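Below is the sequence, then the predicted model.
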Amino acid sequence: MLDYHLHLWPHGHRDTAPTLDQVAAYCERAQAAGVTEIALTEHLFRFAQADRLLHGFWDDEPDAALRLSMKRYWEDHARADLDAYVDCVLAAKDAGLPVVLGLEVDYYRGRMDDVAALLAGYPFDVLLGSVHWLGTWRFDDLDDRVSLDGWRARHVDAAWSDYVAAIEELAATGTCDVLAHPDLVKVAGHRPDTPEECWDRLVEAAVSSGMAAELSSAGYRKPAAEAYPSPPLLERFVRRGVPLTTASDAHRLADVADRSADLSVQLSALGVVTLRAFRARRPHDVPCRAEVPLP
Ligand SMILES: [Zn+2]
Ligand SMILES: [Zn+2]
């Protein structure tokens, strides 16, 4: 198994300089759970380099509450140094730890060429593509009143449709390698009566862009109370031959490789025997389960 979606810092916590010891502890916990390789994938928006590129992307949001909420969230997060993060993960790789260098990248409409140009200056192994925000509405920020109000102000079908459209646009830019938590829009537990069309469009976005899709245990820790993607969507990905990664989306050591065994069971029930891994953004396949040496 893999854990290809890991953060060093919880939201709301001031970032500290990443250390080799922290990465080593993540690797140790992952390996104890049968995970053979991890990817560190901190949010792009935690870094000052993203702030210089994207600050004020919320300025044309007409809703003042959303605009201010996004501004505050952004300015609270975009402080760490991307170079220090990259150097730390590269040092961990050099030390022989089973880790690759990644990043979780949000969708910034009309700005992805700039984002890709920034990221091309770093030796990333894998880039996750995510939609956490629709415009400036942070639909998955369940601790924020303005974000929660957004769920009351919108029809569930419209939120899902806008989310899927954003994923389609992100995938079409070709900026990233893996579709992170593909049905994140269910995070708060709101689902349309007939999600099938949305599921089919998400699968098509992966197929047409060549992106892999992530099977993530993070949804179990949210009101959605199931993995991302839902079982019927996972089955659709598998049926269409979309390569998969597995992930915990941990923001702290205790959640590294969370429910990895449950994800493994889901995959074997669907006959999936390989996962997609990456080096220097080039894909290769690895077995779901590490070979167990004969006694
Ligand atoms: Zn995410
Ligand atoms: Zn994440």
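It's in. Predicted, not measured: the structure shown is a model, and the values here were computed from it. Residues are numbered from 1 along each chain as shown. Ligands and ions are numbered 1, 2, ... in the order given.

residue ranges of the strands in the stretch 1-150 of the chain, please?
Counting by DSSP state E, counting those that start in this stretch, the stretch 1-150 of the chain has strands at residues 2-6, 37-43, 99-106, 126-130.

among the ones you listed, which is nearest Val86?
Shortest separation from Val86 across these is recorded for strand 99-106, at 6.4 Å, computed as Cβ to Cβ. Quick note: C-beta positions are derived from backbone N, CA and C, even for glycine.

Show me what from the stretch 51-200 of the chain comes close to ligand 2.
Glu104 (Cβ under 5 Å from the ion).

Quick check: the residue of the stretch 51-200 of the chain nearest ligand 2.
Here the residue of the stretch 51-200 of the chain nearest ligand 2 is Glu104; by Cβ to the ion that distance is 4.8 Å.

So what's the residue count around that residue?
Using other Cβ atoms under 10 Å, Glu104 has 26 other residues around it.

Quick one: residues contacting it.
Neighbour list for Glu104: 5, 7, 41-44, 128, 130, 180 [criterion: Cβ atoms under 8 Å, 6 or more residues apart in numbering].

Please identify the most buried of the strands of the stretch 1-150 of the chain.
Mean neighbours per residue, mean count of other Cβ atoms under 10 Å, is largest over the strands of the stretch 1-150 of the chain for strand 2-6, with a mean of 29.

Kindly export that strand (C-alpha atoms) in PDB.
Provided in PDB are the C-alpha atoms of strand 2-6 (Å, rounded to 0.1, in the frame of the first residue of the first chain):
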ATOM      1  CA  LEU A   2       0.900   3.700  -0.400                       C
ATOM      2  CA  ASP A   3       0.200   6.700   1.600                       C
ATOM      3  CA  TYR A   4       0.400   9.300  -1.100                       C
ATOM      4  CA  HIS A   5      -1.300  12.300   0.600                       C
ATOM      5  CA  LEU A   6       0.300  13.600   3.800                       C
END
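
check contacts around the most centrally placed residue in the chain.
Note on the chain: the residue nearest the mean C-alpha position is Ala180, at 3.7 Å, using Cα atoms, centre = their mean. Ala180 makes contact with 5, 41, 104, 128-130, 214, 216, 247, 249, according to Cβ under 8 Å, 6+ apart.

what's the answer for Val164, then?
With the criterion set at Cβ under 8 Å, 6+ apart, Val164 makes contact with 185, 198, 201-202, 205.

hmm, which of those residues are the buried ones?
The neighbour-count test (16 or more other Cβ atoms under 10 Å) applied to these identifies 185, 198, 202, 205 as buried.

Low-confidence stretches in the protein?
Scanning the chain for pLDDT under 70 picks out 14-15, 290-295.

Turn the strands of the stretch 1-150 of the chain into JSON lines, including distance to Glu75.
As requested, the strands of the stretch 1-150 of the chain are arranged in JSON lines below (distance: least, Cβ to Cβ, whole Å):
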{"stretch": "strand 2-6", "distance to Glu75": "24"}
{"stretch": "strand 37-43", "distance to Glu75": "14"}
{"stretch": "strand 99-106", "distance to Glu75": "16"}
{"stretch": "strand 126-130", "distance to Glu75": "20"}
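
Between those strands, which one is closest to Trp137.
For Trp137, the closest of the strands of the stretch 1-150 of the chain is strand 99-106, at 12.8 Å, according to Cβ to Cβ.

surely Lys222 meets Leu142?
Yes: at 7.3 Å, Lys222 counts as touching Leu142 under the criterion of Cβ atoms under 8 Å.

any shared contact partners between the two?
Residues touching both Lys222 and Leu142 (Cβ under 8 Å, 6+ apart): 187-188.

who's more crowded, those two?
Between Lys222 and Leu142, counted using other Cβ under 10 Å, the more crowded position is Lys222 (18 against 14).
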